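Trainee: Sequence first, then the predicted structure:
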Amino acid sequence: LSHLMKIFYNQKGKALTCKYSSLHSLGARAIASGLGTLSTLTYLDISDNFTGLDPYGNPNSEGIAALSTQLSQSYGMKVFKIARNHLHDEDIVLLSEAIHKLHTLQLIDFSGNYCLGNGSAALKEAIVSHSTLADIRTGLREINISHNPIGYPGVKHIAEAIGRTDTVFTMYLNNCLIDDKGMKLLQLALAENNSVVNLDLSNNPASIESVTKAMAESDAMKLIVNLRKDANSVDAGQLSPLVYKALAKKLRFLNEGVLTLLHHNESFVVPMSVMRESLHMLLPPGRRTLFETIKASNDGLKRRLELSKEIERKISATYCIVRLAMRWKKRYEIKKRIERAWQNNLNNVKSDLDAL
């Protein structure tokens, strides 16, 4: 494997998949030999192996340590999958240190391992570090830590990371032994998050009610993304109560231009509604918007405005007629003056001729 990795390295390979290959810690060392500063690898998938174990089946982090060191120097890496590899907290900590340095990394898959509290804490630091990047095109986009027994000790760190990240769009947390208490932490973190739109919380011991509340925050974020594209793409009246309430709070993530357009979305300005109050608190309506709202709800005002417009049209027509009449009168007077002057000149010529 080491020989093949050297050949792959020299050939400047872009993607490597090495699944179901019974690789143990020594295999991880061999994979590491094909990584490094000059590596052109952008996709690495070594899922369904035994890289967290030695050849005798005992936990061993030496191979992961070597892999982490070389991975941290593979600056073109975008996708890294190491699911179901019998990794423990020590291994997750080592790999998280590498992720911390890989600003180009967009997807990580640690599913099906044995990540607990310490591993989750290290992952949190790695996730948060990507949120400080200046380039919006970089940073983690998708994280899969499903089928890890992180429980409440781990979900505390993951929730903190969600509340502080603005790059992660997709997160898988299914089958992670998250109870109602942990799900509440996720719900509060998602309420402060403005990026996660795809979330999987299935098959956790938490109640359906707590899972639904947490998912409502993610669903509301999807609607925020849609509103950024088209302010009329969402009908607030068709939303479930939980999503409606979450969306009302997430309106703060919209810019002023979108909020201005939402004033013209009837489902967002229903009188006495929570959505209308939230919208008006973020961006009070302008005078024109207020006038249009009052006009739409007052039939008498509508009739008076229509009558006023009719009178205005008549006045405008009268003004045009008078202006044309005055213009005609002026031209008529000019014509008369010219005729008189011509007649006077003609009379003078006749007098001169008679004198001669």
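Mentor: Right, received. Where do you want to start? Here the structure is a predicted model, which means the values were calculated and not measured.
Trainee: which residues in this structure form helices?
Mentor: Secondary structure of the chain (DSSP state H): helices located at 2-10, 25-32, 62-71, 89-101, 117-130, 151-164, 180-192, 208-229, 241-250, 256-262, 274-282, 287-297, 299-355.
Trainee: any chance of those helices in a markdown table, plus distance to residue 145 and mean pLDDT?
Mentor: In this view, the C-beta of every residue, glycine as well, is placed from N, C-alpha and C. What follows is the helices of the chain, written out as a markdown table (distance: least, CB to CB, whole Å; pLDDT from 0 to 100):
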| stretch | distance to residue 145 | mean pLDDT |
| --- | --- | --- |
| helix 2-10 | 27 | 65 |
| helix 25-32 | 19 | 90 |
| helix 62-71 | 16 | 94 |
| helix 89-101 | 9 | 94 |
| helix 117-130 | 7 | 93 |
| helix 151-164 | 7 | 94 |
| helix 180-192 | 13 | 96 |
| helix 208-229 | 16 | 95 |
| helix 241-250 | 24 | 96 |
| helix 256-262 | 33 | 92 |
| helix 274-282 | 33 | 93 |
| helix 287-297 | 46 | 70 |
| helix 299-355 | 58 | 87 |
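Trainee: Nearest to residue 174, out of those?
Mentor: helix 208-229 (10.3 Å; CB to CB).
Trainee: so what secondary structure elements neighbour the closest one?
Mentor: Helices and strands touching helix 208-229, by 3 or more CB pairs under 8 Å, 6 or more residues apart in numbering; DSSP states H and E, are helix 180-192, strand 198-200, helix 241-250, helix 256-262.
Trainee: Columns mean neighbour count and distance to residue 15 on top of these, output as TSV?
Mentor: Below are the helices and strands packed on helix 208-229 laid out as TSV (neighbours: other CB atoms under 10 Å; distance: least, CB to CB, whole Å):
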stretch	mean neighbour count	distance to residue 15
helix 180-192	20	33
strand 198-200	18	23
helix 241-250	19	37
helix 256-262	16	39
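Trainee: Of these, give the one that comes closest to residue 139.
Mentor: strand 198-200 (15.9 Å).
Trainee: Adding distance to residue 67 as columns, could you present the helices and strands packed on helix 208-229 in JSON lines?
Mentor: Listed next are these as JSON lines, based on distance: least, CB to CB, whole Å:
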{"stretch": "helix 180-192", "distance to residue 67": "30"}
{"stretch": "strand 198-200", "distance to residue 67": "27"}
{"stretch": "helix 241-250", "distance to residue 67": "39"}
{"stretch": "helix 256-262", "distance to residue 67": "44"}
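Trainee: Out of these, the one nearest residue 71 is which?
Mentor: So among those, strand 198-200 is nearest, using CB to CB, at 25.4 Å.
Trainee: Which strands and helices lie in contact with the closest one?
Mentor: Applying 3+ CB pairs under 8 Å, 6+ apart, we find strand 198-200 packed against strand 170-172, helix 208-229.
Trainee: Pipe the helices of the chain into TSV and attach distance to residue 140 per row.
Mentor: Formatted as TSV, the helices of the chain follow (distance: least, CB to CB, whole Å):
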stretch	distance to residue 140
helix 2-10	25
helix 25-32	21
helix 62-71	14
helix 89-101	8
helix 117-130	5
helix 151-164	10
helix 180-192	16
helix 208-229	16
helix 241-250	21
helix 256-262	26
helix 274-282	29
helix 287-297	40
helix 299-355	54
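Trainee: ok, back up a step: pick the most deeply packed of the helices and strands packed on strand 198-200.
Mentor: Sort the helices and strands packed on strand 198-200 by mean neighbour count, taking mean count of other CB atoms under 10 Å, and strand 170-172 sits at the top with a mean of 21.
Trainee: contacts for that strand?
Mentor: Strand 170-172 is contacted from outside by 111, 141-146, 162, 196-200, using CB atoms under 8 Å, 6 or more residues apart in numbering.
Trainee: one more time with 6 Å, if that's ok
Mentor: For strand 170-172, the surrounding residues in contact (CB atoms under 6 Å, 6 or more residues apart in numbering) are 142-144, 146, 196, 198-200.
Trainee: quick one: strands adjacent to it?
Mentor: Looking at strand 170-172 with DSSP bridges, its partner strands are strand 142-144 (parallel), strand 198-200 (parallel).
Trainee: residues in contact with the last one?
Mentor: Outside of strand 198-200, the residues that reach it under the criterion CB under 6 Å, 6+ apart are 170-172, 174, 218.
Trainee: now the first one
Mentor: Identification of contacts with strand 142-144 by CB under 6 Å, 6+ apart yields 107-109, 111, 168, 170-172.
Trainee: roughly how far out does stretch 62-71 sit from the chain middle?
Mentor: Taking the mean of its C-alpha atoms, stretch 62-71 sits 34 Å from the chain's own mean (CA atoms, centre = their mean, to the nearest Å).
Trainee: ditto for stretch 314-334
Mentor: 61 Å.
Trainee: CA-only coordinates of that stretch, as PDB, when you get a sec.
Mentor: C-alpha atoms of stretch 314-334 as PDB (Å, rounded to 0.1, in the frame of the first residue of the first chain):
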ATOM      1  CA  LYS A 314     -60.700  67.100 -15.300                       C
ATOM      2  CA  ILE A 315     -58.600  69.900 -14.000                       C
ATOM      3  CA  SER A 316     -55.600  68.700 -16.000                       C
ATOM      4  CA  ALA A 317     -57.800  68.600 -19.100                       C
ATOM      5  CA  THR A 318     -59.100  72.100 -18.500                       C
ATOM      6  CA  TYR A 319     -55.600  73.400 -18.000                       C
ATOM      7  CA  CYS A 320     -54.600  71.900 -21.300                       C
ATOM      8  CA  ILE A 321     -57.500  73.500 -23.100                       C
ATOM      9  CA  VAL A 322     -56.900  76.900 -21.500                       C
ATOM     10  CA  ARG A 323     -53.200  76.700 -22.300                       C
ATOM     11  CA  LEU A 324     -53.900  75.900 -26.000                       C
ATOM     12  CA  ALA A 325     -56.500  78.700 -26.200                       C
ATOM     13  CA  MET A 326     -54.000  81.200 -24.800                       C
ATOM     14  CA  ARG A 327     -51.400  80.000 -27.200                       C
ATOM     15  CA  TRP A 328     -53.800  80.400 -30.100                       C
ATOM     16  CA  LYS A 329     -54.800  83.900 -28.900                       C
ATOM     17  CA  LYS A 330     -51.200  84.900 -28.700                       C
ATOM     18  CA  ARG A 331     -50.500  83.700 -32.200                       C
ATOM     19  CA  TYR A 332     -53.600  85.500 -33.400                       C
ATOM     20  CA  GLU A 333     -52.500  88.800 -31.900                       C
ATOM     21  CA  ILE A 334     -49.000  88.400 -33.500                       C
END
